[in-house]
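Undergrad: structure for this input, please:
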Amino acid sequence: MKHFVVGLAILALILAGIACADTPELASTSVPDGGEGLFQYFYDYRGGEKILGKVISDIQEEGETKMQFTENAKMVWDPNAPMESRFSLASLGLKIGYSEPAILPSNLPGYHYLNGHAVPQSFYDKFNAMGGKDVVGWPITEVLFDPVTGRYFQYFERVGFYRLRSNSEVRLLPYGLMMCSQECRRPKYQDAVIESLPQAIHPAFQAEVERLGIDFTGFAIRPAYLTPEGKLRQVMMNVVLETSSPGQPGGVRLYPFVKQVNIVAESPRPNQQSEGMYFLATDGALGFEIPQYFWGYLREHGGVQTSGLPVTHLAPDKQGYRQCFTNLCLSYQPDQPRPVNPEPLGSIFAILHLDNQPKLTPAPIIQRYVTITVWDDAHAIDSSQQQVIRALVQENDAPVANVVLVLELKLPDDRREEKLMPPTGVDGKTSLRLEPIQARNGSLVLYRACYLQSEASSYCTPQESFVVWGNP
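TA: Residues are numbered from 1 along each chain as shown. Just a heads-up that it's a prediction; the model follows:
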């Protein structure tokens with residue numbers, strides 16, 4: 001699922017509360033550690049405290065639906081649902097707002113391809129042990145790694161999985177602790193994995209994140225803040241974003257933080273004309289050789305205008321290779337489903353340069369902004385199925401009715417189609433069912449939604465995709 005912030009002409013900046021204020025520990029003597037009443041059997045059946053964590057809220061009501069938070073999930077009872085699904089886990093993973101586009105299937109050993117994402121064997125075993133997609137939901141990201149906590153983790157629709165680098169035991173991410181606020185009791189211990197969960201992306205950076213791709217920037221790991229020079233900055237998992245003119249299009253850049261995380265710059269060299277390398281001159285005839293797999297990746301994400309110039313030469317690293325640029329470092333691991341990735345150095349920058357500061361200047365927020373969210377029902381379909389594309393239009397997080405979006409499609413045979421989506425309803429939502437797409441397995445279908453303000457002004461979400469897969 002993607003969020004796109006439309007740049008409006010009328011933008012006002014106000015100061016928010018302190019960006020890095022600690023969340024107060026909340027106490028509640030009425031909340032038991034285990035399940036109770038309505039959810040007791042469901043809680044125990046789904047693994048109780050060992051799997052779902054302690055119960056951290058009272059039973060809450062929304063109409064006829066009842067809900068209760070645990071540390072790792074949110075239990076739901078809906079009396080109007082079919083009998084077999086009246087008890088379920090809520091889709092907290094989708095509400096976190098961080099999901100990555102589908103990748104092409106691969107035949108790498110030790111991975112299972114589920115609905116557009118590669119799931120490693122240890123997470124796949126946990127996925128099946130908990131009940132598969134009906135309980136866990138589909139994966140919505142690839143496997144991610146936090147070098148500070150030493151954790152591998154992956155987001156699914158209803159729960160998330162993680163394991164330590166030094167331990168094969170798979171545990172659940174604390175979705176419930178993250179999503180439940182004032183009505184929930186906090187445990188007295190502080191688990192470092194909570195700090196690995198996404199923060200809200202400041203509206204000033206949303207459009208740039210969409211342009212580059214959330215799989216490129218990574219999610220936000222700290223709230224946005226103002227620097228002493230008055231610039232707005234936010235630390236992402238892989239990069240640091242900065243702007244001196246929040247709300248103005250084109251004003252966002254990648255902050256050159258790599259040398260600030262103890263990456264030692266190397267001197268340029270003469271062109272060695274090595275096979276499979278692109279030579280980028282940076283000082284007369286001297287420069288850096290960049291492997292084609294990195295060069296192609298950079299070209300897809302804005303080139304060296306985005307990454308900055310190289311600061312190190314290609315070097316072996318773990319099971320692959322690494323090269324650093326002014327604004328990020330790239331890693332190549334050929335045994336991974338997605339071989340090229342930016343390194344997650346944002347958390348190291350935050351620890352070295354932010355976490356020891358007693359107080360950060362509050363970040364400005366945009367007083368009025370519109371978001372367009374687009375997603376598909378399934379990241380992978382076969383040629384007999386009909387894909388459904390959905391969209392949500394909001395202004396300041398409130399739904400906007402009677403907005404007509406244009407859905408632009410690029411089909412596997414390079415044909416392009418435009419289709420009008422029905423006007424959004426009072427809930428801000430609209431959807432369009434597509435005809436079955438005849439294509440080979442592994443073919444990508446690209447799409448985006450556009451909002452036409454006038455004949456001369458339109459805003460489009462970045463391209464999303466789904467895969468044709470499962471044909472005989």
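Undergrad: only C-alpha atoms for contact and neighbour calcs from this point on.
TA: Will do.
Undergrad: for residue 116, see how far away residue 386 is.
TA: Distance, residue 386 to residue 116, by Cα to Cα, to the nearest Å: 16 Å.
Undergrad: between these two, who's got more neighbours?
TA: residue 116 (26 against 15; other Cα atoms under 10 Å).
Undergrad: contacting residues for the more buried one?
TA: For residue 116, the contact set (Cα atoms under 8 Å, 6 or more residues apart in numbering) comprises 101, 102, 103, 104, 105, 379, 380, 466, 467.
Undergrad: quick check: the farthest pair among those residues?
TA: Farthest apart among these by Cα to Cα are 101 and 105. That separation is 12.6 Å.
Undergrad: can you name the element that comes right after the worst-scoring helix or strand of the chain on mean pLDDT?
TA: Ranked by mean pLDDT, DSSP states H and E, the weakest helix or strand in the chain is strand 13-15, scoring a mean of 23. Per DSSP states H and E, the first helix or strand lying C-terminal to strand 13-15 is helix 40-45.
Undergrad: let me know the average pLDDT across that following helix.
TA: Helix 40-45 shows a mean pLDDT of 93.
Undergrad: ok, now stretch 402-411?
TA: Averaging pLDDT along stretch 402-411 yields 88.
Undergrad: can you get me the start-to-end distance on that stretch?
TA: Distance across stretch 402-411, first residue to last, is 28 Å (Cα to Cα).
Undergrad: so for it, what gets flagged as buried?
TA: 403, 404, 405, 406, 407, 408, 409, 410, 411 (16 or more other Cα atoms under 10 Å).
Undergrad: gap between the fourth one and residue 85?
TA: Read it as residue 406. Counting by Cα to Cα - residue 406 and residue 85 are separated by 35 Å.
Undergrad: can you pull out the helices in this structure?
TA: Secondary structure of the chain (DSSP state H): helices located at 40-45, 48-52, 92-96, 121-129, 133-136, 175-179, 203-212, 214-217, 292-300, 304-307, 346-353.
Undergrad: which among the contacts of residue 116 count as buried?
TA: For the contacts of residue 116, buried by 16+ other Cα under 10 Å: 101, 102, 103, 104, 105, 379, 380, 466, 467.
Undergrad: am I right that residue 279 is in contact with residue 271?
TA: Yes - using Cα atoms under 8 Å, residue 279 is in contact with residue 271, at 6.4 Å.
Undergrad: return every residue with contacts to both of these two.
TA: Residues within reach of residue 279 and of residue 271 at once, by Cα under 8 Å, 6+ apart, are 287, 288, 289.
Undergrad: can you lay out those residues as TSV showing pLDDT?
TA: Shown next, in TSV, are these (pLDDT from 0 to 100):
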residue	pLDDT
287	95
288	97
289	97
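Undergrad: need those residues in JSON lines (columns: neighbour count and distance to residue 81).
TA: Output for those, formatted as JSON lines (neighbours: other Cα atoms under 10 Å; distance: Cα to Cα, whole Å):
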{"residue": "287", "neighbour count": "20", "distance to residue 81": "63"}
{"residue": "288", "neighbour count": "25", "distance to residue 81": "60"}
{"residue": "289", "neighbour count": "25", "distance to residue 81": "59"}
